[in-house]
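*Asks:* Need a 3D model of the following:
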Amino acid sequence: MTEEEEIKINLSKINFRIRLIAFILPLILIIGYWSGWFVLPLSGLVLWISANPGSFVIALVAFIIAMLLIFKSIDAESGGLFTLAMIVLISPLFIIPFVDILAKSAVAQSLQVVYLNKMPELYGIYRLIPLPTAYAYASDRIQIPTHTIYFDESYLYYIGKRPVYNWLIEPEGFLNEITRTPVGAVFIYGDVYPPEVKIVKQRIEWGLHNIKLTPLLADTLAFELTIRGAFGKEVLWQDVADVLHNGKVLQVVPVVRYEMRFPGALPVIEKYFIVYPNGTIKSVSPQEVARLHVPVLPEEVARKWVECLRLKNWVQAVFYHNTFVIRDVGDNPQPYLLLDKNGHPWWTFVAEPPGNTYSAYMLILVDAMSTAPKIYIYKFKRPEIGISKVQSYVMKAHPNWAWDQLLIQEPMPSYFNHTLMWKVTITTADSRGLVSVDFLNATSGTVKSFPVKGKVTAESLLFELKSGIPTKNVTKGEVTLQQVLQKIEKLKKELNELEKLVKELVKTKK
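*Replies:* This is a model prediction of the structure:
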């Protein structure tokens, strides 16, 4: 090789490196600008490690062994060692799912389980309006083309016995997200039909979707919360509640940390961030959000605890199917936030056996106003209709209805008069209209139906159910004795009116 050729090769290498730097440097700058200079990705990595310590150890050991084998294969020029290194490198993909089972089992050991001797009284009836109907009414009231509400970003809490759905009115589309801010919130009161809709117009600095372009970075609420104490912790964006307090729309954002229970980690609520309309962000303890009527324990944490409990005895659960499953029906998954007879809120699950058995197996309750990892369980003493089969019983009770134009929404357990009832709401296909509120007796399979005509309140329905006032009682499509008696009374009244008319006609002719 001549000196001239060697110079050309060196220049070619230099040019390649310059081009590589010219490509990589802008890419790093772009990613850094939009990720808060890698603060958000690093926070996500630390969070994954803290939430999955066992999986992290497996992945780290596999990576170290694979790198050692690769270096050794280069020195020895051995293709076999390189192949072995690749096998070791991908082995965590097959090992981690098993480690995850052991991790959930370890977490379940730290959960306190209390078994109840009797079924607690619960009132799913207060949630008269299902989430899709609340969303339909809320979206109908928004007349701003640049803004919208997002179905999955609703949360529910109670003010007294009134359930409140809530959404922030957010900018829609990328250009609107970087140039506009939220313009208020919409609140739907779910214990009355037609639902009460309250729109609060207010300029709000931070939402879940708006982005502020600054010279340094693309600033977001996620970045602001991360640098204020959420680094390496989980922000539960799906459990953000919007609250109207002293005329201001506040966003209540839960933050979860993970306590190691090797090979797993127990999620516990650490704190809440309250985001004010002017952009001020305040960190508060979980107990402080109770004054805002927001559940102290987020829904997501309760669900994770119960999912871990499923695998407490992982040998029985995996190999013998001796466990339970939480089946979700419709658009709104379990748990449901329900009130007991004292007005106390509980995250409520109805568990079923695994496989093709669909009877109600256990009622699982988690106190929504406590952060203690404590779960209450009531095991049904007799076969009860499970959540998975509610729809078929209700459809069978109304054989002549046009079910292709109707939806059966949100089967929720209610227990009163020593009877487990499933409350379902039957709506039109677009969820906007309530057709009927039905109660399925989970023991007998009978259905008590309340057709919706005019204004209906949860309190009035509860009164009718408890007092036994005659209603349309449907059992397997048959006409009941009560219905026949009602029709006879109606015919008697009509005959009496006809007799009076005949007498009046005779008098006028005389």
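
*Asks:* Let me see the ranges of the strands in the stretch 201-350 of the chain.
*Replies:* Under the criterion DSSP state E, counting those that start in this stretch, the stretch 201-350 of the chain contains strands at 212-213, 218-219, 234-235, 241-245, 248-261, 264-275, 281-284, 336-340, 345-351.

*Asks:* and the third one, which strands flank it?
*Replies:* In this case it means strand 234-235. Sheet pairing of strand 234-235 (DSSP bridges) gives strand 248-261 (antiparallel).

*Asks:* Tell me which residues of the strand it pairs with come out buried.
*Replies:* Going by neighbour count (16 or more other C-beta atoms under 10 Å), the buried part of strand 248-261 is 249-258, 261. Using the backbone N, CA and C atoms, a C-beta is placed for each residue, glycine as well.

*Asks:* quick revisit: so which of the strands of the stretch 201-350 of the chain is the most packed in?
*Replies:* With neighbours defined as mean count of other C-beta atoms under 10 Å, the strands of the stretch 201-350 of the chain peak in mean count at strand 345-351, which reaches a mean of 24.

*Asks:* helices and strands around the following helix or strand past that one, which ones?
*Replies:* Heading C-terminal from strand 345-351, the first helix or strand you meet, by DSSP states H and E, is strand 359-367. For strand 359-367, the contact count by 3 or more C-beta pairs under 8 Å, 6 or more residues apart in numbering; DSSP states H and E identifies helix 299-309, strand 345-351, strand 374-385 as packing neighbours.

*Asks:* Can you tell me which helices and strands the last one packs against?
*Replies:* Yep, that's strand 374-385 we're talking about. Using 3+ C-beta pairs under 8 Å, 6+ apart: strand 374-385 touches strand 112-115, helix 299-309, strand 359-367, strand 419-428.

*Asks:* Tell me which of the helices and strands packed on strand 359-367 is the most buried.
*Replies:* Greatest burial across those, using mean count of other C-beta under 10 Å, falls to strand 345-351, with a mean of 24.

*Asks:* tell me the mean pLDDT over that strand?
*Replies:* The average pLDDT within strand 345-351 is 96.

*Asks:* got the contact list for the closest residue to Phe416 other than its chain neighbours?
*Replies:* Of all residues not flanking Phe416 in the chain, Glu121 sits nearest, at 5.7 Å (C-beta to C-beta, 6 or more residues apart in numbering). Glu121 sits next to 340-341, 415-416 when contact means C-beta atoms under 8 Å, 6 or more residues apart in numbering.

*Asks:* thinking again about what came up before, export the buried residues of strand 248-261 to JSON lines and append columns for distance to Val39 and pLDDT.
*Replies:* Putting these into JSON lines (distance: C-beta to C-beta, whole Å; pLDDT from 0 to 100) gives the following:
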{"residue": "Val249", "distance to Val39": "27", "pLDDT": "98"}
{"residue": "Leu250", "distance to Val39": "25", "pLDDT": "98"}
{"residue": "Gln251", "distance to Val39": "21", "pLDDT": "98"}
{"residue": "Val252", "distance to Val39": "23", "pLDDT": "98"}
{"residue": "Val253", "distance to Val39": "17", "pLDDT": "98"}
{"residue": "Pro254", "distance to Val39": "20", "pLDDT": "98"}
{"residue": "Val255", "distance to Val39": "16", "pLDDT": "98"}
{"residue": "Val256", "distance to Val39": "19", "pLDDT": "98"}
{"residue": "Arg257", "distance to Val39": "18", "pLDDT": "97"}
{"residue": "Tyr258", "distance to Val39": "19", "pLDDT": "98"}
{"residue": "Arg261", "distance to Val39": "28", "pLDDT": "96"}
